[in-house]
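Student: Mind looking at a prediction? Sequence and model below.
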Amino acid sequence: MSIDTGLAGRVVIVTGAAAGIGRATAVRFAKEGAKVAAWDVADASTLLDELKAAGAADAIAAKVNVADGASVAAAVAQVIAKWGRVDVLVNNAGIVRDAQLVKYKDGAIVATMTDEQWDAVIAVNLKGVFLCTRAVTPHMIAAGGGVVLNASSVVGLYGNFGQTNYVATKAGRDRHDEDLGAGAREVQDPRERRLPGFRRDRDPQGDAREGPRGDGRPHADRPDGRARGHRERLRLARLRPGGIRPRRRPLRRRRPRHGHVGRPMARYARIVSTGRFVPPIEVPNSALKARWPQFPDFVDKMEASSGIRTRFYAPEEWATSDVALPAAKQAIERAGLVPEDIDLIILGTDSPDYVTPATSVVLQHKLGAKNAGTFDVGCACASFPTGLAAAAGLLATNAALKNVLVVGVYLMHKLADPNDPMVFFYGDGAGAAILQAGDEPGFINSAMQAGGEYAKHWGIFAGGTAEPATAENVASGRTMVKMAERYPPEINHEGWPRLARRLSKEGGFALADVDQIIFTQVRKPSIDLVMADLGIPVEKAHTIMEKWGYTGSACIPMALDDALEQGKVKKGDLVVMIGSGVGYNQAGVAFRMT
């Protein structure tokens, strides 16, 4: 049975519609047959086809700066000229400029929130609501009514550390409907006041996540993606000709549910800085040719099939934690932090300092991060995406965590026989990222898969509990890394696209919207093949193996840092990272870069 929402043919304006919650909102209105004007300061033209495919009666994509009155007036005039009315305005556009109001260290002020950080957020998040609402209100009243929806947040009620500017705007949005002019009346919440067409269910799999639905109906299928800000609130006002209708009761503040005291808002991990380290000793392919004169064509064939032309080694006296240290320091410095600010270190590698203790705790000491907890991730070259996913989950559920350092590091050449031709693949390096929590993604989702039947194809097979180290297996080389059997090529050629499509489907974004996708840097032809399978231009797959070689657990964070440095990844970009490594493990994550 279909339900008539009354939205078919209605004219809807959605601000901040190019991505995230705004895009999902615009698509949802399109599915109801509305005429949708998608506004964004970024280019929203890619949304047009999606809106029309979703069922929009008509659609406009306009580049609009909501903080500029002239830009807003021109955009409203375009809507009126085309459709003659405005029925719904969704004030969703917003930005963040996070900083502590006053930051102290050792009793002295070391930083303050700047005027620009305050003014920029106020201009978009609050003045933008004022300008857009003021522009559409006369048209709504002339047409006999309309609805204004303001995307607010519980930070407006409870505050949030480091977001004084953002909190002020969300609190302002929450009360903005008090002064919409003649005929304004408040609607508390579409879940409490059952407005036709503006219902928001208590759906634990969707926006609210506040318990099971109470109406007995199944959850709606949402292929267009979920609005991730499940603690966001919609403030509505309906306009009618006539006098102002006063509030019947004061604004009710929702009480935090049991178990949520102290963290009433959603927390999404955001990558705030990156770093990398390339060791000093270069070993080009020409050096390997000289080492193996008995294999005159091997290196050339490997270069042609992989794209790897060189690699870099750390000094022989270095351990894996020494390689990780410079990358970690760089990421911390770029985030404006000191090691004592780090709350947690997650380190991914399959070339650890020791079987035990964990390499992360050794790094913690060398770094001087005395306040940090640590743990290692050991799923080989899938470790960095796995570490990012773990950090995102911990930041989402633990309000005490502020700064998480995630490191991927590789020193496999020290665990290999230098005369084994497979050392062609072993380059040393490290990459790192600092993650902090915000109330907008950031982290979108993760996906993982594994194939344990390949566990004995490639590895270090002695020195653990399955085969403790003995004089015999040390002499035979079983405590060194070996390839025992080749992996079938489809393990990545099919596994990577499967993960990418899972991330897209489960994360609510289209593969066409991905700005950069970073794979394990082991074979350039594999990346080309997979990008063709996904229908994404190969230019959106940044590679580094041609200049730094294959760096295993470190290759994805190193490639991300390099892409940021080259301007291939920018603020607001949607980035997917997919890693795979011996075991066989594969893991992927999707992030909106902030």
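Tutor: Done, it's in.
Student: Confirm that residue 536 sits in a helix.
Tutor: No. Applying DSSP: H, G, I helix; E, B strand; the rest coil, one finds residue 536 to be coil, outside a helix.
Student: Please tell me I have it right and it contacts residue 511.
Tutor: Yes. The pair residue 536 / residue 511 is scored as a contact, 6.1 Å apart, by Cβ atoms under 8 Å. (Glycine included, C-beta is placed from N, CA and C.)
Student: These two: who's more crowded?
Tutor: Higher neighbour count among residue 536 and residue 511: residue 536, with 20 against 17, using other Cβ atoms under 10 Å.
Student: Please report how far the more buried one lies from residue 70.
Tutor: Distance, residue 536 to residue 70, using Cβ to Cβ, to the nearest Å: 37 Å.
Student: Show me where the stretch 301-450 of the chain has its strands.
Tutor: Here the stretch 301-450 of the chain has its strands, by DSSP state E, counting those that start in this stretch, at 312-313, 344-348, 373-377, 404-410, 429-438, 443-450.
Student: Run me through the strand neighbours of the longest one, direction for each.
Tutor: This means strand 429-438. Strand pairing for strand 429-438, determined by DSSP bridges: strand 268-277 (antiparallel), strand 404-410 (antiparallel).
Student: Do you have the helices of the stretch 201-350 of the chain handy? List them.
Tutor: 285-291, 298-306, 320-334 (DSSP state H, counting those that start in this stretch).
Student: quick one, which of the ones you listed is nearest to residue 9?
Tutor: helix 320-334 (50.5 Å; Cβ to Cβ).
Student: Just give me how far the closest one sits from the chain centre.
Tutor: Counting by Cα atoms, centre = their mean, to the nearest Å, helix 320-334 is centred 22 Å from the centre of its parent chain.
Student: do the same with stretch 372-379
Tutor: Offset of stretch 372-379 from its chain centre (Cα atoms, centre = their mean): 21 Å.
Student: swap in stretch 23-32?
Tutor: Centre-to-centre, stretch 23-32 and its host chain are 22 Å apart (Cα atoms, centre = their mean).
Student: Chain neighbours aside, what residue packs nearest to residue 591?
Tutor: Nearest residue to residue 591 in three dimensions, chain neighbours excluded: residue 575, at 5.2 Å (Cβ to Cβ, 6 or more residues apart in numbering).
Student: you'd agree that neighbour is in a strand?
Tutor: Yes. Counting by three-state DSSP, residue 575 is part of a strand.
Student: so it touches residue 569, yeah?
Tutor: Yes. Between residue 575 and residue 569 there is a contact at 5.8 Å, judged by Cβ under 8 Å.
Student: got any residues that touch both of the two?
Tutor: 515, 516, 560, 593 (Cβ atoms under 8 Å, 6 or more residues apart in numbering).
Student: Can you tell me which of those residues is nearest residue 133?
Tutor: residue 593 (30.3 Å).
Student: show me the contacts for the closest one.
Tutor: Residue 593 touches 271, 564, 569, 570, 571, 572, 573, 574, 575, counting by Cβ under 8 Å, 6+ apart.
Student: Next, the contact list for the nearest residue to it once chain neighbours are set aside, please.
Tutor: Leaving aside its sequence neighbours, residue 593 sits nearest to residue 573 (Cβ to Cβ, 6+ apart; 4.8 Å). Shown in contact with residue 573 (Cβ under 8 Å, 6+ apart): 515, 516, 592, 593.
Student: Please check those residues and keep the buried ones.
Tutor: 515, 516, 592, 593 (16 or more other Cβ atoms under 10 Å).
Student: Tell me which two of these sit farthest apart.
Tutor: Maximum pairwise distance among those (Cβ to Cβ): 11.7 Å, between 516 and 592.
Student: who touches both of the two?
Tutor: The contact lists of residue 516 and residue 592 share 573, 574, 575, where a contact means Cβ under 8 Å, 6+ apart.
Student: From residue 500, how far out is the first one?
Tutor: To tie it back to what came earlier, the one meant is residue 573. On the measure of Cβ to Cβ, residue 573 and residue 500 end up 16 Å apart.
Student: Also the second one?
Tutor: When distance is defined by Cβ to Cβ, residue 574 is 12 Å away from residue 500.
Student: picking up where we left off before, I'd like to know how many residues surround the residue nearest to residue 591.
Tutor: 24.
Student: Show the pLDDT at the closest residue to residue 457 other than its chain neighbours.
Tutor: In this structure, residue 457 finds its nearest non-sequential neighbour in residue 485, 4.6 Å apart by Cβ to Cβ, 6+ apart. Among the per-residue scores, residue 485 shows a pLDDT of 82.
Student: which SS class is residue 485?
Tutor: Under three-state DSSP, the three-state class of residue 485 is coil.
Student: picking up where we left off before, which of the helices of the stretch 201-350 of the chain sits closest to residue 351?
Tutor: helix 320-334 (5.5 Å).
Student: list the helices and strands that closest one packs on?
Tutor: When contacts are defined as 3 or more Cβ pairs under 8 Å, 6 or more residues apart in numbering; DSSP states H and E, helix 320-334 packs onto strand 268-277, helix 359-367, strand 404-410, strand 429-438.
Student: now the angle from the second one to strand 344-348?
Tutor: Here helix 359-367 points in a direction 120 degrees away from that of strand 344-348 (axes from the mean of the first three to the mean of the last three Cα atoms, to 10 degrees).
Student: quick check: mean pLDDT across helix 359-367?
Tutor: 97.
Student: Same check on stretch 313-333?
Tutor: Rounded mean pLDDT across stretch 313-333 is 97.
Student: before we move on, what about stretch 495-502?
Tutor: Averaging pLDDT along stretch 495-502 gives 95.
Student: which regions of this protein sit below the pLDDT cut-off?
Tutor: Scanning the chain for pLDDT under 70 picks out 1-5, 104, 153-161, 173-265.
Student: cutoff 80 now
Tutor: 1-6, 44, 98-107, 109-110, 152-266, 296, 484, 489 (pLDDT under 80).
Student: returning to what we had before: now distance to residue 523 too, for the shared contacts of residue 516 and residue 592, in a markdown table please.
Tutor: As requested, the shared contacts of residue 516 and residue 592 are arranged in a markdown table below (distance: Cβ to Cβ, whole Å):
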| residue | distance to residue 523 |
| --- | --- |
| 573 | 25 |
| 574 | 24 |
| 575 | 21 |
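Student: Out of the residues you listed, which is nearest to residue 38?
Tutor: So of the shared contacts of residue 516 and residue 592, ranked by how close each gets to residue 38 (Cβ to Cβ), first place is residue 574, at 16.8 Å.
Student: how about the nearest residue in space to residue 29 that is not next to it in sequence, what does it touch?
Tutor: Computed as Cβ to Cβ, 6+ apart, the closest residue to residue 29 that is not its neighbour in sequence is residue 12, at 4.7 Å. Contacts of residue 12 were listed using Cβ under 8 Å, 6+ apart, and they are 26, 29, 34, 35, 36, 37, 87, 88, 89, 90.
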